[in-house]
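S.K.: Pasting a predicted model and its sequence here:
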Amino acid sequence: MSAIFKIVLVILTLDKTNGQDISNVKQLYTDVFANHQKEVFPKVDQNTPLKISMTMYLMTITKFDEVDETIVILGGLGCSWNDAGISWDPTSYENKIYYTFLPSENIWTPPITLINAVDVLGPVQGDTKTNVYIFYDGNVTWPLGGVMSAKCTTDISKFPYDSQTFMTMLTLGRINGQTLSNVKQLYADVFANHQKEVLPKVDEKTPLEISVGFSLFTISKFDEVDETIVILGGIICSWNDAGITWDPTSYGNKVYIILTNDKIWTPPITLANAVDVLGPVQGLTETTAIIFYDGNVSLPLGGVMSAKCTTDISKFPYDSQTCKFEFLVWGYSAREIVLNLASDPFSENFFIPNSNWKFTSYNIQTFSWNGYSTLEFSMTIKRESFKNHNKIAAEPINDEKPSIDCSPPVSVTWKDVSHGFDVLSMIVSYVVICVGIAVFFIIVR
Ligand SMILES: *[C@@H]1O[C@H](CO)[C@@H](O)[C@H](O)[C@H]1NC(C)=O
Ligand SMILES: *[C@@H]1O[C@H](CO)[C@@H](O)[C@H](O)[C@H]1NC(C)=O
């Protein structure tokens with residue numbers, strides 16, 4: 001196997017150096033990418049969402065855990081889109097450069113997130129650096145991937161992207177007429193020297209009001225013995241940043257901009273009754289904020305949240321448990337920051353059920369607690385597992401394995417497998433042909 005890999009690498013290297021010498025490529029980099037604003041969302045105008053085409057490759061199923069209802073796969077994802085901010089004329093470089101590849105941090109890339117993740121809520125590729133292929137017309141192809149752990153009680157065929165949230169963010173607003181240069185100018189004028197360390201209040205007397213809403217994605221685990229509940233959840237925060245404002249008419253009617261959260265001040269929202277670490281709920285994960293011309297900011301945060309939850313098992317196995325999550329903006333007392341409930345404070349649109357516990361009800365409120373403005377989300381879950389466990393215990397002699405309701409992408413048939421072999425043999429023959437051609441050229445030279 002490694003032999004094939006090495007051969008392929010040789011061919012790629014040949015292909016790359018074939019004709020284009022390095023000074024050409026450097027010139028291209030200087031011309032196109034050295035001053036490229038990668039923070040800017042690369043759409044041509046606001047009317048059309050950016051289209052990203054995605055292909056999923058399943059490489060291997062690393063682990064399937066029936067008890068935790070977790071599946072771990074190694075997967076790859078090919079993403080392609082067009083970056084309106086990139087283009088060059090291939091003929092102006094000696095020997096014509098049609099494409100180049102660069103580390104992905106040189107350009108804007110979509111933060112594709114596995115929404116039913118078990119552990120962290122963050123971009124699927126994590127911190128791994130991958131290369132992007134960039135064509136002269138701005139077409140970009142980005143292979144990314146990694147280990148993906150997902151909750152597995154539901155249909156994996158929709159696995160694994162939250163394209164809906166992403167699309168909602170992309171389609172926000174209905175304004176036309178702006179060009180990418182408007183957006184770049186706006187970024188340069190308003191954000192390039194923005195002081196993101198400063199709490200963006202208008203004056204010292206009034207606290208900053210942050211409106212908050214909670215999204216429940218999944219109940220990962222409930223542990224009676226440790227009295228711990230683990231969920232994957234998100235918090236949508238909105239506030240007004242008094243340090244940000246622009247006149248949309250000066251920027252082709254651009255009323256909002258989408259930037260990564262490290263460009264502006266963001267509240268360090270903390271789960272106060274956490275089990276393990278006391279830190280911002282989103283960890284170090286980067287998210288994107290939508291910022292409006294009047295300074296309104298909307299920011300989704302999220303992650304794995306483990307909370308202490310006092311357990312009452314007196315009614316076992318027909319018990320219900322109520323667990324509370326207390327969030328506050330750590331380091332900012334109620335004189336500085338006040339949390340208010342959003343008009344629609346709870347969402348279960350992306351909720352994936354847990355087969356042991358049924359989510360039955362919730363309550364969400366804000367109040368003042370120890371001088372801190374606090375958001376409390378409390379949820380009640382009801383035990384569902386008893387019936388299933390009983391059934392398995394009652395029929396132990398039955399030879400059949402319990403059916404697993406978790407067939408990754410769809411059920412795999414022999415047809416798929418033989419198709420897989422066909423593709424594999426096609427790839428192998430392709431590689432053999434390429435090697436033949438490469439060897440031929442090397443010999444001829
Ligand atoms: C870029 O993408 C568009 C749309 O998919 C396609 O028509 C065009 O041929 C692509 N350009 C290159 C250089 O591949
Ligand atoms: C900003 O927020 C305020 C208060 O919620 C609201 O009245 C205003 O319409 C918002 N501005 C925009 C551009 O959405």
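M.R.: Structure received. Ligands and ions are numbered 1, 2, ... in the order given.
S.K.: my read is K324 is in a strand, agree?
M.R.: Yes: under DSSP: H, G, I helix; E, B strand; the rest coil, K324 falls within a strand.
S.K.: Verify the stated contact: it with A307.
M.R.: Yes: using Cβ atoms under 8 Å, K324 is in contact with A307, at 7.0 Å. Quick note: C-beta positions are derived from backbone N, CA and C, even for glycine.
S.K.: Neighbour count: the two, which is higher?
M.R.: Neighbour tally, K324 and A307, criterion other Cβ atoms under 10 Å: the higher count belongs to A307, 19 against 16.
S.K.: quick one, helices of the stretch 51-200 of the chain?
M.R.: 163-171, 180-186 (DSSP state H, counting those that start in this stretch).
S.K.: so what's in contact with K324 and A307 at the same time?
M.R.: Residues touching both K324 and A307 by Cβ atoms under 8 Å, 6 or more residues apart in numbering: N273.
S.K.: Would you single out the least confident of the helices of the stretch 51-200 of the chain?
M.R.: With a mean of 34, helix 163-171 has the lowest mean pLDDT of these.
S.K.: From ligand 2, how far off is W265?
M.R.: Distance check for W265 against ligand 2: by Cβ to the nearest ligand atom, to the nearest Å, it reads 16 Å.
S.K.: wait, doesn't that residue sit right on K196?
M.R.: Yes: at 5.0 Å, W265 counts as touching K196 under the criterion of Cβ under 8 Å.
S.K.: List the buried residues in stretch 264-280.
M.R.: 264-267, 269-275, 280 (16 or more other Cβ atoms under 10 Å).
S.K.: got a list of what T380 touches?
M.R.: Applying Cβ under 8 Å, 6+ apart to T380 gives the contacts 320-322, 359-362.
S.K.: how about 10 Å then?
M.R.: 320-323, 357-363 (Cβ atoms under 10 Å, 6 or more residues apart in numbering).
S.K.: And I244, by the same measure?
M.R.: 190-191, 194, 200, 257, 264-265, 291-297.
S.K.: tell me the two of these that are most distant?
M.R.: The largest separation in the contacts of I244, counting by Cβ to Cβ, is between W265 and Y293 at 17.3 Å.
S.K.: Which residue comes closest to K43 once chain neighbours are left out?
M.R.: Once flanking residues are discounted, K43 sits nearest to L50: 5.0 Å by Cβ to Cβ, 6 or more residues apart in numbering.
S.K.: meant to ask about I264
M.R.: Counting by Cβ to Cβ, 6+ apart, the residue nearest I264 is K196, at 5.2 Å.
S.K.: Check K51 too.
M.R.: Among residues not flanking K51 along the chain, W81 sits closest, at 6.5 Å (Cβ to Cβ, 6+ apart).
S.K.: so who does the one you found touch?
M.R.: 42-43, 50-54, 108-110, 138-142.
S.K.: Report the buried members of those residues.
M.R.: Buried subset of the contacts of W81 (neighbour count, 16+ other Cβ under 10 Å): 42-43, 50, 52, 108-110, 138, 140-142.
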